[in-house]
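**Q** pasting the sequence and the predicted coordinates here, then a few questions.
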Amino acid sequence: MKRAIKVKALFIILLLILFISIPVSAQEKSEAKPESSPQQVFQAIIRPYQNLSDYTVKIQAKVMIPGFRMPDFAADLYFKKPDKLHIETKSFAPIPRNSGFFDPFQFDPGKNRITFTQAVTLDGMQAELYKVEPGESETRVRFYNVWVGGNPKRILQVENHSFKGTKALMKLTYKNVEQRAENWLMPEKAHIHLTFPEGMQSHDNSSFLIKDNPVAAGRGKPEEMQGEGDIYISYSDWRINTGLDDSLFQSILKSASSTH
């Protein structure tokens, strides 16, 4: 009888040790730093795009911002290395500067201060969270939170914080794009959640919107955006390394008649 009690007590103790040790191990694992340095991680993310000189992509976008009504819109986005951006559209296109455009070199570790924050789980996937502080003094963004994960590693989510308190949280999904015997991992969809500071009328929208944007008559102005809102973007018809001319990026405004 005593032997049975001892065995039962030992079994209970072993169970307690097991249950106590599980969360400790999980915590140690979640807080463990990656084997590579932040600089190495982001260099590895940029490396596959080193031969990318420019791209053109078509987008379809839906804007859902309270107090700001506009129909779904289409646009052509243009990018040229290192950081030239341009948009052509027949209507006003409220696309965040630091979110809607895919810039594979945006988080170049040679131009940003990058620090590891913690290991996290994002949508069921193991990921690493980094804080990125832009090195450029003229930027409107204080810092970015950047989630990295997947295989190969890629940027899964970006949250930018402006100096005036505006935030944009972008989630990305990717697809493989084959062109000229090369395979590129490019965005397929983006969901951008905007948050504007309470009590601000201007909402610091200049931090988010592309400058060379034709505004059709009767459309709402950026200052009218309030509270929180969402932008959904689908990317298609990627054209990579077509030799875009610099003159395309010199015009501040491109009239709707010049598109297509």
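**A** The structure has been received and is ready for your questions.
**Q** any idea how the protein splits into domains?
**A** As recorded under automatic domain parsing, the domains making up the chain are 1-32, 34-258.
**Q** which one of those domains has the lowest average pLDDT?
**A** Lowest mean pLDDT within those: domain 1-32, a mean of 40.
**Q** where's residue 60 relative to residue 46, distance?
**A** Going from residue 60 to residue 46 by CB to CB, to the nearest Å gives 28 Å. Every residue, glycine included, has its C-beta placed from N, CA and C.
**Q** next: residue 241.
**A** Plainly put, residue 241 is 16 Å away from residue 46 if you go by CB to CB.
**Q** and what of residue 172?
**A** Taking CB to CB, one finds residue 172 at 15 Å from residue 46.
**Q** all strands of this structure, in order?
**A** Listed in chain order, the strands of the chain (DSSP state E) span 54-64, 73-80, 84-89, 112-122, 125-134, 141-149, 154-162, 167-179, 182-195, 228-240.
**Q** list the contacts of residue 232.
**A** Contact analysis of residue 232 by CB atoms under 8 Å, 6 or more residues apart in numbering lists 61, 62, 64, 189, 190, 191, 192.
**Q** which of the residues you listed count as buried?
**A** Among the contacts of residue 232, those classed as buried by 16 or more other CB atoms under 10 Å are 61, 190, 192.
**Q** closest to residue 37 out of those?
**A** Of all these, residue 37 sits closest to residue 190, with 28.0 Å by CB to CB.
**Q** shouldn't the closest one be in contact with residue 174?
**A** No: using CB atoms under 8 Å, residue 190 is not in contact with residue 174, being 10.2 Å away.
**Q** just list whatever residues bridge to residue 80.
**A** Residues in a beta bridge with residue 80, per DSSP bridges, are residue 54, residue 84.
**Q** ok, now which ones touch it?
**A** Each residue near residue 80 by CB under 8 Å, 6+ apart is listed here: 53, 54, 244, 246, 248, 249.
**Q** between these, which is nearest residue 140?
**A** When these are compared against residue 140 (criterion: CB to CB), the nearest one is residue 249, at 19.2 Å.
**Q** how near is the closest one to residue 69?
**A** Taking CB to CB, one finds residue 249 at 31 Å from residue 69.
**Q** neighbour count: those two, which is higher?
**A** Between residue 249 and residue 69, counted using other CB atoms under 10 Å, the more crowded position is residue 249 (16 against 11).
**Q** isn't that one right up against residue 82?
**A** No: using CB under 8 Å, residue 249 is not in contact with residue 82, being 11.7 Å away.
**Q** coming back round to it: nearest to residue 168, of the contacts of residue 232?
**A** residue 192 (5.6 Å).
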